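>>> What follows is a predicted protein model with its sequence.
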Amino acid sequence: MEQKLLLSSQLSVHNTLCEVTLNSAALSWRPRGDNTHKRAAGRRYGPLNAAGSQYVPVCEIISVQETEEDCASTGVGKWQKVPQTPVESNQHAFTVSYVERTQKHRWRCGEVTLHCTDRTLCLQWVQAIREQLSLLTIRPKRLLVYINPYGGKHHGKRIYEQKVAPIFSRASISTDVIVTEWANHARDHLKTEAELKKYDGVVCVGGDGMFSEIIHGLISRTQSDSGVDQNLSDETLIPCSLRIGIIPAGSTDCICYATVGSNDPVTSALHIVVGDSQPMDVCSIHHNNTFLRYSVSLLGYGFYGDVLTDSERKRWMGPARYDISGVKTFMSHRYYEGTITFLPADENVGTPRDKLPCRTGCNICSLPSADKQGSRDEESVSDTDRKGVWQVIRGKFLAINAACMSCACPRSPKGLSPSAHLADGTVDLILVRRCSRFDFLRHLLRHTNKDDQFDYPFVEVYRVRQFHFTPRYEETNSELDLREADGSGRKRFFSRICREHPACNCSLVHSSWNCDGEILPHAAIQVRVHCQLIKLFARGIEEHSVFEEPYPLSAI
Ligand SMILES: CCCCCCCCCCCCC/C=C/[C@@H](O)[C@H](COP(=O)(O)O)NC(=O)CCCCCCCCCCCCCCC
Ligand SMILES: Nc1ncnc2c1ncn2[C@@H]1O[C@H](COP(=O)(O)OP(=O)(O)O)[C@@H](O)[C@H]1O
Ligand SMILES: [Ca+2]
C-alpha cells in the first residue's frame, strides 16, 4: 500500500546529497540523481527498499535529536569543530538512532546523521519524525525497574546503569528504579505496594529466578485486585495488563533467550523501547488445594530437581554451579518412581516432535483461544469430550520435565523442547525413563546439537494442558493395590514393606521439583497451563536472518 508522503528534502548524508523522504512507515534516503538503485550514500545503514533507497522503518526509530555540534563532518564518522561557515555547508544536522540487527538475533543502536542547509529545515525534520514516533502508542513511557544485584555474576546494577539506562533516556522513557535488598523484595513490593497505574510496564534485571519473583508479584496482585482466589486450582485467572521486560543478568536466562533469541541486555532494552508485546503461558502448580507457585520455563523432577538442589549450596560459584552439580547429579544416576496423569492437548496445536518451532507471529499461538484450550461450546458436547480423556503413565524415571516454552539458553540453544510454544496454552511433558548412564548421556548431549533428543525408546514426550504427578511413596494403599492387583502377591508384600521402611532404597528415594530455578516444597503436584496470562516486551524469535528484509517492501 502506498504511504502518504509527509516530508521530502535534499539533505546530505556522509557528504553525499540525498533525496530524503519521510512517510508514516519509514524514513528513506537515496543519493540524488542515482538511478542505478545500487549505490547508496556512505556506508549501508540498513536494507534497501524496492526503490533502491536505504530506509529505517518508523517503528524501529529509537529517537531523533538535533545534532548540537556546530560543525559539519568531513571524514566518515568523524566530527570536526569548524568556525562559522556559510549556510551552504550544511552546518545544521539531526541524528536518527534506530534498531540495527546484527548476528544471532542481537540488536544494536545504529545512528545516521542528516545535514541540512538551514536550521528551520532541520527543526522541521526533527519535529516531523517526533510526531510519527508519538503516534506509536504501544511504546512505554514510564517503567518500574527492579534490579537483583546478586543475580548471575553480580553485574545486574552495572549492566543496567551502563547499557540500559542510556537507551531508555535516549528514548525519553522515565523510570523508577528499585535495587532489591532481599529475596522476594520485588515480589512483595509488586503484590502490595507498587502504584501500578503509574506505569506502562515492569522491567526485571536479573535471571529466571528474579523474573519468577516479578510474575508472582504481578499475577497475585492482578488476582487479588479482581477477587480471584489463586488457591483454587480450577479458577480462571485474570491476565496481567502490564508488560514485563527482561534485562538478562542471571545464570541461565532461558526466559529471555527463548523469547528474544539472545541473552543480550542491549537487545532486550531495544525490544522494550519499540514496545514489543509477546503473550506467554503460565503454569499454576498446586498441592491438593494449596497454591504453590507459577512456572513459565522448566518444571523438572529427578535430574533437574537434583541439579538445582545441589547447586543451591554452590551459589558462590555463580553460573558454573549448574555445570558442576550437573556432572555430579549425572554420576549419581538416580531414578524415581511415580505416576503421571495428564490431559493431552488438542491436535491443532501440533506435537512436540513436529519440528515447527515457535517464531515471531507464530500461527499456532495465534489460533483463537477456544481452539487452543479445547473449551468448545459447553452444551453441544459431553463432559468427557469437553474435558478430554486423562491418560495415566506409571514408571521409573530419571527425569520428568515440563517445558512451557522451548527453554532455549546458551547451554542448549534449541532448548529442552525445541518446538514448545510460548503462548499456545500447552506444556510439553518429557518423560525420561530409567536407562543406562551411557544412553542418558547421549540424550543430554543431543540438547547441544541438532539431533532429536526425543528419538530414543526411553524418552516419551506429550503436549498437555494439565498434569498431575504423585511420587510412589505418596501413593495411597488403595492406589498401589489397584495398580499392582495383576502383579504377584510377593511384589505387593515388598512394596508395603518399603513404604514403611524409608531406609530401604527400593524406589523410595525422593527428588524435588525444580520450578524455574526454585525448589518446590512438595513432590505431589497438580499443574495447569493458563494460556497467555502474561505479556513480555518481546516478539518471539525472528525467523529471518540479519540481511533479509524485515518488512514487506511494499509497505515502505
Ligand atoms: C553433556 C552436556 C549436556 C548439556 C545438557 C544441557 C541441557 C540444558 C537445558 C537447560 C534448561 C534450562 C531451563 C531453565 C531453567 C531455569 O529456570 C533455572 C533457573 O535459572 P536462573 O539460575 O537463571 O534463575 N535454571 C536451572 O534450573 C539450571 C538448569 C541447568 C542444568 C544444566 C545441566 C548441565 C548438565 C551437565 C551434564 C553433564 C554430564 C557430563 C558427564 C560426563
Ligand atoms: N537483593 C537480593 N538479595 C538476595 N537474593 C535476592 C535479591 N534479589 C533477588 N534475590 C533472589 O535471588 C535469586 C536468584 O536470582 P536470579 O536473578 O534469578 O539469579 P540467578 O540466575 O543467578 O539465579 C532469586 O531467587 C531471587 O528471588
Ligand atoms: Ca506453551
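Nice, I can see it. Ligands and ions are numbered 1, 2, ... in the order given.
>>> just the residues of the chain that are near ligand 3, which are they?
Contacts of the chain with ligand 3, taken as C-beta under 5 Å from the ion, map to 281, 404, 421, 424. (Each C-beta comes from the backbone N, C-alpha and C, glycine too.)
>>> these two touch, right, the last one and residue 351?
The one in question is residue 424. No: the pair residue 424 and residue 351 fails to qualify as a contact (C-beta atoms under 8 Å) at a distance of 11.6 Å.
>>> The two - which one has more neighbours?
Legend: neighbour count by other C-beta atoms under 10 Å for residue 424 and residue 351, higher for residue 424 (30 against 15).
>>> tell me the SS of the more buried one?
On the three-state scheme (DSSP: H, G, I helix; E, B strand; the rest coil), residue 424 is labelled coil.
>>> which ones are touching it?
Taking C-beta atoms under 8 Å, 6 or more residues apart in numbering as the contact definition, residue 424 lies against 281, 345, 349-350, 358, 362, 364-365, 367, 372, 531.
>>> need the residues of the chain near ligand 1, please.
By C-beta under 6 Å from any ligand atom, the part of the chain that sits against ligand 1 consists of 207-209, 250-254, 297-298, 304, 307-308, 322-323, 326-327, 330, 407, 409, 411-412, 416, 441, 444-445, 447-448, 514, 516-517.
>>> Sitting in helices, which of the residues you listed do you find?
Among those, the residues falling in helices (DSSP state H) are 208-209, 254, 304, 307-308, 322-323, 326-327, 330, 441, 444-445.
>>> which among those residues end up buried?
Neighbour-count burial (16 or more other C-beta atoms under 10 Å) applied to those gives 208-209, 254, 304, 307-308, 322, 326, 330, 444.
>>> picking up where we left off before, from the contacts of residue 424, pick the one nearest ligand 3.
For ligand 3, the nearest member of the contacts of residue 424 is residue 281. The distance, counting by C-beta to the ion, is 4.1 Å.
>>> Spell out which helix or strand contains the closest one, please.
For residue 281, the element it lies in under DSSP states H and E is strand 278-287.
>>> quick one: residue 145 and ligand 1, what's the gap?
In this structure, residue 145 and ligand 1 are separated by 18 Å, where distance is defined by C-beta to the nearest ligand atom, to the nearest Å.
>>> just residue 521 next, same as before
On the measure of C-beta to the nearest ligand atom, residue 521 and ligand 1 end up 17 Å apart.
>>> who's in contact with the nearest residue to that residue once chain neighbours are set aside?
Once its chain neighbours are removed from consideration, residue 521 has its nearest residue in residue 292; the separation is 7.0 Å (C-beta to C-beta, 6 or more residues apart in numbering). Residues near residue 292 by C-beta under 8 Å, 6+ apart: 285-286, 515, 520-522, 525.
>>> hmm, try it at 7 Å
For residue 292, the contacting residues are 285-286, 520-522, 525, by C-beta atoms under 7 Å, 6 or more residues apart in numbering.
>>> With residue 211 instead?
204, 246, 255.
>>> Check what pLDDT residue 553 gets.
Residue 553 carries a pLDDT value of 41.
>>> pLDDT below threshold where in the stretch 451-556 of the chain?
Flagging of the stretch 451-556 of the chain using pLDDT under 70 yields the residue ranges 477-508, 544-556.
>>> And the residue of it closest to ligand 2?
Using C-beta to the nearest ligand atom, residue 517 is the residue of the stretch 451-556 of the chain that sits closest to ligand 2, at 5.7 Å.
>>> Just want to check the distance between that residue and residue 252.
With distances taken as C-beta to C-beta, to the nearest Å, residue 517 is found 7 Å from residue 252.
>>> Common neighbours of the two, please.
Taking C-beta under 7 Å, 6+ apart as the criterion, residue 517 and residue 252 both touch residue 208.
>>> Assign a three-state SS to residue 429, would you?
When states are read from three-state DSSP, the local structure at residue 429 comes out as strand.
>>> Just the buried residues out of the residues of the chain next to ligand 3, in ChimeraX syntax.
Those of the residues of the chain next to ligand 3 that meet the burial criterion (16+ other C-beta under 10 Å) are gathered into one ChimeraX selection, given here:
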select :281,404,421,424
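>>> Could you check how far stretch 272-288 is from the centre of its chain?
Per C-alpha atoms, centre = their mean, to the nearest Å, the displacement of stretch 272-288 from the mean C-alpha position of its chain is 8 Å.
>>> what about that stretch, start to end distance?
The first and last residues of stretch 272-288 sit 38 Å apart, counting by C-alpha to C-alpha, to the nearest Å.
>>> do the same with stretch 308-321
Counting by C-alpha to C-alpha: the opening and closing residues of stretch 308-321 are 9 Å apart.
>>> If you count neighbours, what's buried in that stretch?
Across stretch 308-321, burial judged by 16+ other C-beta under 10 Å covers 308, 310-311, 319, 321.
>>> what do you get for stretch 431-451?
For stretch 431-451, using 16+ other C-beta under 10 Å, the buried residues are 431-435, 439-440, 443-444, 446-447.
>>> pLDDT added to those residues, as JSON lines?
Putting the buried residues of stretch 431-451 into JSON lines (pLDDT from 0 to 100) gives the following:
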{"residue": "431", "pLDDT": "98"}
{"residue": "432", "pLDDT": "98"}
{"residue": "433", "pLDDT": "98"}
{"residue": "434", "pLDDT": "96"}
{"residue": "435", "pLDDT": "97"}
{"residue": "439", "pLDDT": "97"}
{"residue": "440", "pLDDT": "98"}
{"residue": "443", "pLDDT": "97"}
{"residue": "444", "pLDDT": "97"}
{"residue": "446", "pLDDT": "97"}
{"residue": "447", "pLDDT": "96"}
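>>> Dump those to TSV, plus distance to residue 138.
What follows is those, written out as TSV (distance: C-beta to C-beta, whole Å):
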residue	distance to residue 138
431	41
432	42
433	46
434	50
435	48
439	48
440	46
443	42
444	41
446	39
447	35
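>>> and which of the residues you listed is nearest residue 335?
residue 434 (4.4 Å; C-beta to C-beta).
>>> re earlier: partner strands of the strand holding residue 281, with direction?
Paired with strand 278-287 in the same sheet, following DSSP bridges, are strand 290-295 (antiparallel), strand 525-536 (antiparallel).
>>> related to what we said a few turns ago, burial measure for the residue of the stretch 451-556 of the chain closest to ligand 2, as a count.
Number of residues near residue 517 (other C-beta under 10 Å) recorded here: 23.
>>> who's in contact with the residue in the stretch 201-350 of the chain positioned nearest to ligand 2?
Residue nearest to ligand 2 within the stretch 201-350 of the chain (C-beta to the nearest ligand atom): residue 207, separated by 2.2 Å. Residues near residue 207 by C-beta under 7 Å, 6+ apart: 151-152, 249-253.
>>> Please name the nearest non-neighbouring residue to it.
Counting by C-beta to C-beta, 6+ apart, residue 250 is the residue found nearest to residue 207 once chain neighbours are left out, at 1.5 Å.
>>> That'll do, ta.
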